[in-house]
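Novice: Here is a sequence with its predicted model. Questions after.
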Amino acid sequence: MTLVNFKGVYVREGLAVDKDMVNQCLHNYKDFDNLEGAVVMDWGMNVGGFGAMMLKYPIKEYIGVECHPENFEVAWQNLAHDPRVTLINAAVTSVNLESVDLYLTKSKQAFCSGTINLKNVAAKNLRKVRITVPTVNATEIMDEYKPTHWKCDIE
(Lines give C-alpha, C1' and ligand atoms only; values in the text may rest on other atoms or scores of the structure.)
Protein backbone atom coordinates (compact mmCIF):
# COMPACT_ATOMS: atom_id res chain seq x y z
CA MET A 1 0.00 0.00 0.00
CA THR A 2 1.40 3.37 -1.04
CA LEU A 3 0.33 6.44 0.90
CA VAL A 4 0.30 10.03 -0.33
CA ASN A 5 -0.38 13.25 1.50
CA PHE A 6 -3.77 14.87 0.85
CA LYS A 7 -4.63 18.04 2.79
CA GLY A 8 -2.26 17.02 5.58
CA VAL A 9 -3.59 13.46 5.87
CA TYR A 10 -2.14 10.25 4.45
CA VAL A 11 -4.47 8.48 2.02
CA ARG A 12 -4.01 5.44 -0.20
CA GLU A 13 -2.60 6.40 -3.57
CA GLY A 14 -5.19 6.20 -6.35
CA LEU A 15 -8.13 5.62 -3.99
CA ALA A 16 -10.59 8.49 -4.44
CA VAL A 17 -12.78 7.30 -1.55
CA ASP A 18 -10.01 8.19 0.93
CA LYS A 19 -9.89 11.74 -0.39
CA ASP A 20 -13.69 11.86 -0.23
CA MET A 21 -13.60 10.81 3.43
CA VAL A 22 -11.04 13.53 4.27
CA ASN A 23 -13.09 16.15 2.43
CA GLN A 24 -16.25 15.06 4.24
CA CYS A 25 -14.50 15.43 7.60
CA LEU A 26 -13.27 18.91 6.71
CA HIS A 27 -16.75 19.92 5.55
CA ASN A 28 -19.04 18.19 8.07
CA TYR A 29 -17.08 18.37 11.32
CA LYS A 30 -15.58 21.85 11.21
CA ASP A 31 -17.97 23.23 13.83
CA PHE A 32 -16.88 21.22 16.88
CA ASP A 33 -16.31 23.70 19.71
CA ASN A 34 -15.11 23.85 23.32
CA LEU A 35 -12.15 21.64 22.44
CA GLU A 36 -9.65 22.85 25.01
CA GLY A 37 -9.01 19.85 27.26
CA ALA A 38 -11.61 17.78 25.40
CA VAL A 39 -11.68 13.99 25.31
CA VAL A 40 -12.78 13.23 21.75
CA MET A 41 -14.08 9.79 20.79
CA ASP A 42 -14.45 8.84 17.14
CA TRP A 43 -16.38 5.72 16.13
CA GLY A 44 -15.77 5.01 12.46
CA MET A 45 -12.43 6.79 12.25
CA ASN A 46 -11.75 5.53 8.69
CA VAL A 47 -8.25 6.77 7.70
CA GLY A 48 -8.10 9.37 10.48
CA GLY A 49 -9.21 12.56 8.74
CA PHE A 50 -11.30 13.75 11.69
CA GLY A 51 -8.58 12.75 14.15
CA ALA A 52 -6.00 14.76 12.21
CA MET A 53 -8.34 17.77 12.47
CA MET A 54 -8.72 17.31 16.23
CA LEU A 55 -4.97 17.14 16.82
CA LYS A 56 -4.70 20.74 15.63
CA TYR A 57 -6.65 21.77 18.75
CA PRO A 58 -5.62 21.66 22.43
CA ILE A 59 -7.57 18.46 23.13
CA LYS A 60 -6.59 16.24 26.05
CA GLU A 61 -7.19 12.92 24.31
CA TYR A 62 -8.43 11.44 21.04
CA ILE A 63 -9.78 7.88 20.95
CA GLY A 64 -10.28 6.55 17.42
CA VAL A 65 -12.11 3.29 16.72
CA GLU A 66 -12.06 1.65 13.29
CA CYS A 67 -12.95 -1.93 12.38
CA HIS A 68 -11.56 -2.18 8.85
CA PRO A 69 -7.95 -3.38 9.21
CA GLU A 70 -6.56 -1.50 6.21
CA ASN A 71 -8.31 1.76 7.18
CA PHE A 72 -6.89 1.28 10.67
CA GLU A 73 -3.38 0.88 9.25
CA VAL A 74 -3.69 4.19 7.38
CA ALA A 75 -5.16 5.91 10.46
CA TRP A 76 -2.23 4.60 12.49
CA GLN A 77 0.14 6.34 10.07
CA ASN A 78 -1.84 9.57 10.45
CA LEU A 79 -2.34 9.64 14.19
CA ALA A 80 -0.18 7.27 16.25
CA HIS A 81 2.71 9.75 16.48
CA ASP A 82 0.77 11.95 18.92
CA PRO A 83 0.81 10.91 22.62
CA ARG A 84 -2.79 12.14 23.06
CA VAL A 85 -4.02 9.40 20.70
CA THR A 86 -5.47 5.99 21.53
CA LEU A 87 -6.36 3.83 18.52
CA ILE A 88 -8.61 0.78 18.70
CA ASN A 89 -8.98 -1.65 15.79
CA ALA A 90 -12.47 -3.01 16.45
CA ALA A 91 -16.15 -2.81 15.60
CA VAL A 92 -18.33 -1.15 18.23
CA THR A 93 -21.17 -3.39 19.40
CA SER A 94 -23.88 -3.28 22.05
CA VAL A 95 -23.10 -6.80 23.27
CA ASN A 96 -19.98 -8.60 24.45
CA LEU A 97 -18.54 -10.58 21.56
CA GLU A 98 -14.94 -11.41 20.71
CA SER A 99 -15.48 -10.72 17.02
CA VAL A 100 -18.06 -10.10 14.32
CA ASP A 101 -18.13 -10.51 10.58
CA LEU A 102 -17.77 -7.32 8.56
CA TYR A 103 -19.44 -7.53 5.14
CA LEU A 104 -18.09 -5.45 2.26
CA THR A 105 -18.75 -4.89 -1.40
CA LYS A 106 -16.15 -5.73 -4.05
CA SER A 107 -15.66 -2.04 -4.85
CA LYS A 108 -13.39 0.83 -3.90
CA GLN A 109 -16.26 2.05 -1.69
CA ALA A 110 -15.77 -1.02 0.52
CA PHE A 111 -13.39 0.98 2.71
CA CYS A 112 -16.22 3.22 3.90
CA SER A 113 -19.39 1.17 3.53
CA GLY A 114 -18.98 -2.07 5.44
CA THR A 115 -21.66 -3.44 7.72
CA ILE A 116 -21.99 -6.08 10.40
CA ASN A 117 -25.77 -6.18 9.94
CA LEU A 118 -27.08 -7.65 6.69
CA LYS A 119 -30.71 -6.55 6.87
CA ASN A 120 -32.10 -8.17 3.74
CA VAL A 121 -31.41 -10.37 0.72
CA ALA A 122 -30.32 -7.40 -1.40
CA ALA A 123 -27.68 -6.45 1.17
CA LYS A 124 -26.48 -10.05 1.29
CA ASN A 125 -26.21 -10.21 -2.48
CA LEU A 126 -24.30 -6.93 -2.64
CA ARG A 127 -21.80 -7.59 0.14
CA LYS A 128 -19.90 -10.72 -0.83
CA VAL A 129 -16.61 -9.97 0.96
CA ARG A 130 -16.50 -11.03 4.61
CA ILE A 131 -13.75 -10.41 7.12
CA THR A 132 -13.81 -11.14 10.82
CA VAL A 133 -12.94 -8.19 13.07
CA PRO A 134 -12.54 -7.81 16.84
CA THR A 135 -15.14 -5.88 18.81
CA VAL A 136 -15.39 -3.41 21.65
CA ASN A 137 -18.50 -2.91 23.77
CA ALA A 138 -20.08 0.54 23.31
CA THR A 139 -21.05 1.07 26.95
CA GLU A 140 -17.72 -0.14 28.26
CA ILE A 141 -15.65 2.10 25.99
CA MET A 142 -17.78 5.15 26.84
CA ASP A 143 -17.45 4.39 30.56
CA GLU A 144 -13.68 3.87 30.27
CA TYR A 145 -12.81 7.06 28.37
CA LYS A 146 -15.70 9.39 29.33
CA PRO A 147 -15.61 11.48 26.15
CA THR A 148 -16.69 15.11 26.19
CA HIS A 149 -17.09 15.04 22.39
CA TRP A 150 -18.24 12.10 20.30
CA LYS A 151 -18.29 11.52 16.54
CA CYS A 152 -20.23 8.45 15.47
CA ASP A 153 -20.04 7.41 11.83
CA ILE A 154 -20.92 3.71 11.99
CA GLU A 155 -23.98 1.64 11.15
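Specialist: In hand now; what should we look at?
Novice: make it CA atoms for all contacts and neighbour counts henceforth
Specialist: Noted.
Novice: Contacts for stretch 77-96, please.
Specialist: Stretch 77-96 is contacted from outside by 9-10, 43, 47-48, 51-52, 59-69, 72, 76, 100, 133-139, using C-alpha atoms under 8 Å, 6 or more residues apart in numbering.
Novice: start to end distance for that stretch?
Specialist: 29 Å (C-alpha to C-alpha, to the nearest Å).
Novice: ok, now stretch 70-88?
Specialist: Using C-alpha to C-alpha, one end of stretch 70-88 lies 13 Å from the other.
Novice: buried stuff in it?
Specialist: Glu70, Asn71, Phe72, Glu73, Val74, Ala75, Trp76, Asn78, Leu79, Val85, Leu87, Ile88 (16 or more other C-alpha atoms under 10 Å).
Novice: so which helix or strand takes in the second one?
Specialist: The one in question is Asn71. helix 69-79 (DSSP states H and E).
Novice: just how off-centre is that helix within its chain?
Specialist: 9 Å (C-alpha atoms, centre = their mean, to the nearest Å).
Novice: Poorly predicted segments of the chain, please.
Specialist: 107-118 (pLDDT under 70).
Novice: Farthest pair within the buried residues of stretch 70-88?
Specialist: Within the buried residues of stretch 70-88, Glu70 and Val85 form the most distant pair, 18.3 Å apart (C-alpha to C-alpha).
Novice: Show me where this protein has its strands.
Specialist: Along the chain, the stretches classed as strands by DSSP state E are 3-6, 9-12, 39-43, 61-66, 85-89, 91-93, 99-104, 129-137, 149-152.
Novice: Without its sequence neighbours, what residue ends up closest to Leu126?
Specialist: Nearest residue to Leu126 in three dimensions, chain neighbours excluded: Thr105, at 6.0 Å (C-alpha to C-alpha, 6 or more residues apart in numbering).
Novice: What is the neighbour count of Lys151?
Specialist: Close neighbours of Lys151, defined as other C-alpha atoms under 10 Å, add up to 16.
Novice: buried set for the longest helix along the chain?
Specialist: The helix of greatest length in the chain, counted in residues with DSSP state H as the criterion, is given as helix 16-28. By neighbour count with 16+ other C-alpha under 10 Å, helix 16-28 contains the buried residues Val17, Asp18, Lys19, Met21, Val22, Asn23, Cys25.
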